[in-house]
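Colleague: below are the sequence and a predicted model for it; my questions follow.
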Amino acid sequence: QQLWCGVPVIRLPDDIQMLSEMIWKIQPGCMIETGVARGGGLLLSASLMEIAGIQPLVLGIDIQILPHTTVALANSRYSSSIRTIERSSIDPAVIPDIQSFLKQSPPLAPAILILDSDHSAKHVLAELELLAPELPVGSYIMVADTIIEELPQHHYSDRPWGPGNGPKTAADEFLRRNHNFNFAEEWCRRALLSEF
């Protein structure tokens, strides 16, 4: 189990390096992550923003935020920079909260959205369709676990997703439907081992 700022984080080391480079280059005004888990990803984003000289501003969305996650975030040095919403990331009722959050970001600054919750194609596509239009022009969306497409069919025996029904399936379909979004070749699969 990896820790970031003392809290479990579910990220491959190469992806942490890539994210740090992205944040440094893109200079996002805020970051949004669906799928909070133990909270380490939110702390990772906040700390990397700070390292890059950006005032951290991070939002986590999850259908359930566990008490130990709330405590870990509240006890961190980034407690005032991280906000969480306990709601499904595909519930349209989350949009007013996201719009309010984005208004706290510097004007015209891009955002980084990380999708890392339910990995089924239907869910990820719904996230993309609902959340992507809310982002400022020039923002980036990182779709986690696209590597599922390359794993054996029954690798996740206790999950509904797999090749043909995963994040990459959704991302490909979203790009096919939405020509005002581009595939960012510069950041995709540039690490030795990556889930993005």
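Modeller: Here it is on my side, so go on.
Colleague: pull out the buried residues from the helix ranked longest in the chain.
Modeller: Using DSSP state H to define each element, the chain has its longest helix at helix 13-26. Buried positions in helix 13-26, judged by neighbour count with 16 or more other CB atoms under 10 Å: 15, 16, 18, 19, 20, 22, 23, 26. All C-beta atoms are positioned from the backbone trio N, CA, C, and that covers glycine.
Colleague: swap in stretch 58-70?
Modeller: The neighbour-count check on stretch 58-70 (16+ other CB under 10 Å) flags 58, 59, 60, 61, 62, 65, 69 as buried.
Colleague: what about those residues, which are in helices?
Modeller: residue 69.
Colleague: now the buried residues of stretch 58-70 in TSV, with distance to residue 80 and pLDDT?
Modeller: Converted to TSV, these look like this (distance: CB to CB, whole Å; pLDDT from 0 to 100):
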residue	distance to residue 80	pLDDT
58	11	98
59	13	98
60	14	98
61	19	98
62	20	98
65	17	96
69	17	96
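Colleague: for residue 84, state which of the buried residues of stretch 58-70 is nearest.
Modeller: residue 60 (4.5 Å; CB to CB).
Colleague: what residues are up against that closest one?
Modeller: 32, 33, 34, 36, 39, 41, 42, 82, 83, 84, 85 (CB atoms under 8 Å, 6 or more residues apart in numbering).
Colleague: for those, pick the one with the most neighbours.
Modeller: Of all those, residue 42 has the most neighbours under the rule other CB atoms under 10 Å, reaching 32 neighbours.
Colleague: check which helix or strand covers that one.
Modeller: If you go by DSSP states H and E, residue 42 is part of helix 40-51.
Colleague: and the residue nearest in space to the middle of the chain, backbone torsions?
Modeller: Central residue of the chain (CA atoms, centre = their mean): residue 114, 1.5 Å from the mean position. The phi/psi pair for residue 114 (degrees, to the nearest 10) reads phi -110, psi 120.
Colleague: same thing with residue 133?
Modeller: Dihedral angles for residue 133 - degrees, to the nearest 10 - are phi -60, psi -20.
Colleague: and it, how many neighbours?
Modeller: 11.
Colleague: do the same with residue 176
Modeller: 8.
Colleague: what's the neighbour count on the residue lying closest to residue 93 once chain neighbours are set aside?
Modeller: Spatial nearest neighbour of residue 93, excluding adjacent residues (CB to CB, 6 or more residues apart in numbering): residue 87 at 6.5 Å. A count of nearby residues for residue 87, using other CB under 10 Å, gives 15.
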